[in-house]
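1. here is a sequence with its predicted model. Questions after.
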Amino acid sequence: MTTPATAAPNAANAPFPHLLAPLDLGFTTLKNRVIMGSMHTGLEDGRKHFAAMAAYFAERARGGVGLIVTGGFSPNIAGWTKPFAGMLASTGAAKRHQEVTRAVHAEGGKIALQILHSGRYGYHPLCVAPSRIQSPISPFTPFELSAGGVERQIRAFVRCAVLARQAG
């Protein structure tokens, strides 16, 4: 007699029957629905860390993660989390990111870049926000964005997204 504890697993009866099934997004297909959410590892903050970041994310792809979301990268200096934090704002930076994307793709995974603008939470004197209200966690008062400043931030996000796509 077979009991529930000894029965062979059945995907249809599993709590998440579609978790390991491919997912067609229209423009790409994920091998499964396992997603590694964005978390800041510190590897984003410096050119010398790209090889380590590539190895870190490739290991997760090798382990079966279908989609990896990187830690946050700023679209411009005004959006930095701290001075010299990770930023994707040039074609040179996009080329450096290819080391990471190639490593993940070689392991059968997909990767997406989190675009992160820190706004008033930026820990640097060049931060910007909709108002000059200072964050309780930063000693810096942000510069208030004008309508033109908001448009510049939007263009920076668009450029960052285009560069992320170019990076793979």
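-> Yes, it's here. Predicted model, so just to flag it, every value in this text is computed and none were measured.
2. going forward, measure contacts and count neighbours with C-alpha atoms only.
-> Fine.
3. is residue 152 in a helix, a strand, or coil?
-> In three-state terms, and counting by DSSP: H, G, I helix; E, B strand; the rest coil, residue 152 is helix.
4. if I look at it, how far off is residue 75?
-> 11 Å (C-alpha to C-alpha, to the nearest Å).
5. neighbour-wise, which of the two wins?
-> The residue with more neighbours, out of residue 152 and residue 75, is residue 75; 27 against 14, by other C-alpha atoms under 10 Å.
6. any idea how far residue 145 is from the nearest residue in space to residue 40 that is not next to it in sequence?
-> Distances taken as C-alpha to C-alpha, 6 or more residues apart in numbering put residue 71 closest to residue 40, at 4.4 Å, once the chain neighbours are dropped. With the distance defined as C-alpha to C-alpha, residue 71 ends up 25 Å from residue 145.
7. the two: who's more crowded?
-> A direct count of neighbours by other C-alpha under 10 Å for residue 71 and residue 145 places residue 71 higher, at 20 against 17.
8. what are the contacting residues of the strand or helix carrying that one?
-> Using DSSP states H and E, residue 71 sits within strand 67-73. The set of residues external to strand 67-73 that reach it, using C-alpha atoms under 8 Å, 6 or more residues apart in numbering, is 30, 33-41, 44, 57, 60-61, 80, 85-88, 109-117.
9. stretch 97-110 now?
-> For stretch 97-110, contacts defined as C-alpha under 8 Å, 6+ apart pick out 30-31, 50-51, 53-55, 57-58, 61-62, 64-68, 111, 167-168.
10. point out where the chain drops to low pLDDT.
-> For the chain, applying pLDDT under 70 flags the ranges 1-12.
11. returning to that earlier point: give me the buried entries from the contacts of stretch 97-110.
-> Neighbour-count burial (16 or more other C-alpha atoms under 10 Å) applied to those gives 30-31, 50, 53-54, 57-58, 61-62, 64-68, 111, 167-168.
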